[in-house]
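In: just a sequence and a predicted model for now, questions to come.
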Amino acid sequence: MNPFAGMDPTIEEYVKANGSTLFTEWAGEPARFFHLPGHPPFECFQVSINPPRAGRVAVFARSIDTNDGSELEESWEAPVQELSSLLVKATRAVQVWRNRLQQNLPPSDGDFYVEPGCCLLCGVPEDIAPEIFETGKNHCFVKRQPCLPDEIDRTLKAMWSSEVDCIRYRGHDAVLLERLARAGMADQADYPLRLDAPAGLRNRVSFGISTESSLSTSPALIASVFRADMVASGKTVLPAMFGRKTVWVSWFQNRFHLVRFTDEGAGRFAARLRSSIALQGLAWLVDDWLRTKNVENIHWEATGDPLSGSPTLM
């Protein structure tokens, strides 16, 4: 008889969502446990679930090996119906405990944080979102959590743009978890969402031209302004010849990427992006440019994926 039968669906779903492997036997007896990684080179942690007794269940978080020889051992007990919350507590305890060696860092309470011992002081997060990130003595850190939609967008941009994946999200907001997954950053979430199928990057943006915008209502003229602005910002741009609605732009070693503007009708226009190596970077470039031009109703989507529509590219 399997003593875990009534709890297995909850356990299996949670372990799968966290990208871990569930072990179901130990020393020839039924068991339920999974492992969580710590800091290289040695750290590893285990979360285990005891068989239920009298309608209650106990969950344990333990260190298997650590870099400094210290040990973690915590447990929680509650009615079986609260198993999910116990698993979350155990996983969060591991995350908090493995960050115990923070040095020269102010406390970073909240969902977004910078993983200790990872930062290269590249300066990118502070440049993209200076009100969210700050440089410490040996490490950047989150000085306050993003609140406004624009702050959240730039925090995600900082996560994507940083040289190493040090900025992490430990929250449970379903919308944010999906945005991270669609941007290929599920591994930067402590409780990642795994999509059923790989999500294509958003490579098409449509927009309207407001009365306050400096853009003309012609794809060729919009392309002309974009081309001039890219040159002014130091980018390399191929001359407009036969394709006046198309802009070829490069910011590194003459690797060119395509942006083609079209008239969508009903007062809306679109930019279609193509890049074999830097689509996300090209999308950020176009998105930033559009927002400086005061366009309205920006809508990003991935080609062939009608469910990918969003006012933000990530």
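Out: Received the coordinates, thanks.

In: what average pLDDT does the single longest helix found in the chain get?
Out: Secondary structure of the chain read by DSSP state H shows that its longest helix is helix 83-98. Predicted confidence along helix 83-98 averages 84 (mean pLDDT).

In: and the next helix or strand past that helix?
Out: Past helix 83-98, heading to the C-terminal end, the next element that is a helix or strand (DSSP states H and E) is strand 112-114.

In: chain center to that following strand, what's the gap?
Out: Computed by C-alpha atoms, centre = their mean, to the nearest Å, the separation of strand 112-114 from the middle of its chain amounts to 11 Å.

In: buried residues of it, list them for me.
Out: Judged by neighbour count (16 or more other C-beta atoms under 10 Å), strand 112-114 contains these buried residues: 112, 113, 114. All C-beta spots, glycine's among them, are computed from the backbone N, C-alpha and C.

In: show me where the stretch 1-150 of the chain has its helices.
Out: Using DSSP state H, counting those that start in this stretch, the helices of the stretch 1-150 of the chain run over 8-17, 83-98, 124-128, 149-161.

In: please name whichever of those helices is nearest to residue 64.
Out: Proximity of the helices of the stretch 1-150 of the chain to residue 64 was assessed by C-beta to C-beta; the nearest stretch is helix 83-98, lying at 10.8 Å.

In: and the angle from that closest one to helix 8-17?
Out: Counting by axes from the mean of the first three to the mean of the last three C-alpha atoms, to 10 degrees, helix 83-98 points 40 degrees away from the direction of helix 8-17.

In: in the stretch 201-314 of the chain, which spans are helices?
Out: 219-232, 279-292.

In: residues of whatever helix or strand residue 175 lives in that come out buried?
Out: Using DSSP H and E, residue 175 falls within helix 174-182. By neighbour count with 16+ other C-beta under 10 Å, helix 174-182 contains the buried residues 176, 177, 179, 180, 181, 182.

In: biggest separation within those residues, which pair?
Out: 176 and 182 (10.8 Å).

In: now the residue nearest in space to the middle of the chain: how far from residue 174?
Out: The residue lying closest to the centre of the chain (C-alpha atoms, centre = their mean) is residue 180, at 3.3 Å. Separation of residue 180 from residue 174 (C-beta to C-beta, to the nearest Å) stands at 11 Å.

In: hey, what's in contact with both of these two?
Out: By the contact definition C-beta atoms under 8 Å, 6 or more residues apart in numbering, residue 180 and residue 174 are jointly contacted by residue 193.

In: residue 158 touches residue 140, doesn't it?
Out: No. Taking contacts as C-beta atoms under 8 Å, residue 158 lies outside contact range of residue 140: 9.5 Å.
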